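Q: Just to be clear, the model below is a prediction. Sequence and coordinates:
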Amino acid sequence: MKSRKQVGDILERSKSQVTIFRAAVILGSGGGSFEKSRYLVERLPLMVCPKWVLTKCQPISVGDVITYLSKSTEIKETEGRTFDIGGPDTLSYLDMMKIYSKILNKSIKILIIPFFDTKIVFILGRFSNTYKSIIS
């Protein structure tokens, strides 16, 4: 998020009239947050997640983002402005992972920890992979 803000600041300082669209999560192939979530849901039966997976956002489909981008080139009033864009639903990252697992007809377990210690995550991740090989 910090790098996104920095890019926006650089663009705003330029002499070009730019339109900036800010989206929390873009749902679709190639979106960073989506790809990470998809990778986890498809591979892990047990996920250990930090508390921030409960953070709410308004995800937007990549198709809707493309529509915003293409339409903004036709509307002069968007030049030099910044817009926060999102879809109609407010979801947490946890909600999105559960929805995606349901689409895949895959059962996942998610353990939310109030702190994020990489050693604990590594140990539980190894347990998850062992558990996966036992039940497969």
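A: Here it is on my side, so go on. For clarity, every value in this text was computed on a predicted model and none was experimentally measured. Numbering: from 1, shown residues only.
Q: going forward, measure contacts and count neighbours with C-alpha atoms only.
A: Fine.
Q: so how far is Ser3 from Gly31?
A: Distance, Gly31 to Ser3, by Cα to Cα, to the nearest Å: 15 Å.
Q: hang on, I meant Ile113
A: Relative to Ser3, Ile113 is positioned 26 Å away (criterion: Cα to Cα).
Q: And these two? Which one has more around it.
A: Neighbours around Ile113 and Ser3, counted as other Cα atoms under 10 Å, are more numerous at Ile113. The numbers are 15 against 8.
Q: Let me see the contact set for the more buried one.
A: Contact partners of Ile113, counting by Cα atoms under 8 Å, 6 or more residues apart in numbering, are Val48, Cys49, Pro50, Lys51.
Q: Correct me if wrong: Gly87 contacts Gly63.
A: No - when contacts are counted by Cα atoms under 8 Å, Gly87 is not listed as touching Gly63 (11.0 Å).
Q: the more surrounded of these two?
A: Using other Cα under 10 Å, the more surrounded residue of Gly87 and Gly63 is Gly87, with 17 against 12.
Q: Against Ala23, how distant is that one?
A: As for Gly87, its distance to Ala23 is 9 Å (criterion: Cα to Cα).
Q: Now do the shared contacts for those two.
A: With the criterion set as Cα under 8 Å, 6+ apart, the overlap between the contacts of Gly87 and Ala23 is Gln58, Pro59, Ile60.
Q: dump the residue contacts of Asp95.
A: For Asp95, counting by Cα under 8 Å, 6+ apart, there are no contacting residues.
Q: swap the cut-off to 10 Å and go again
A: Going by Cα atoms under 10 Å, 6 or more residues apart in numbering, Asp95 touches Val53, Leu54, Thr55, Lys56, Ser101.
Q: same question, Ile108
A: Leu40, Val41, Glu42, Arg43, Leu44, Pro45, Leu46, Met47, Met97, Lys98, Ser101, Lys102.
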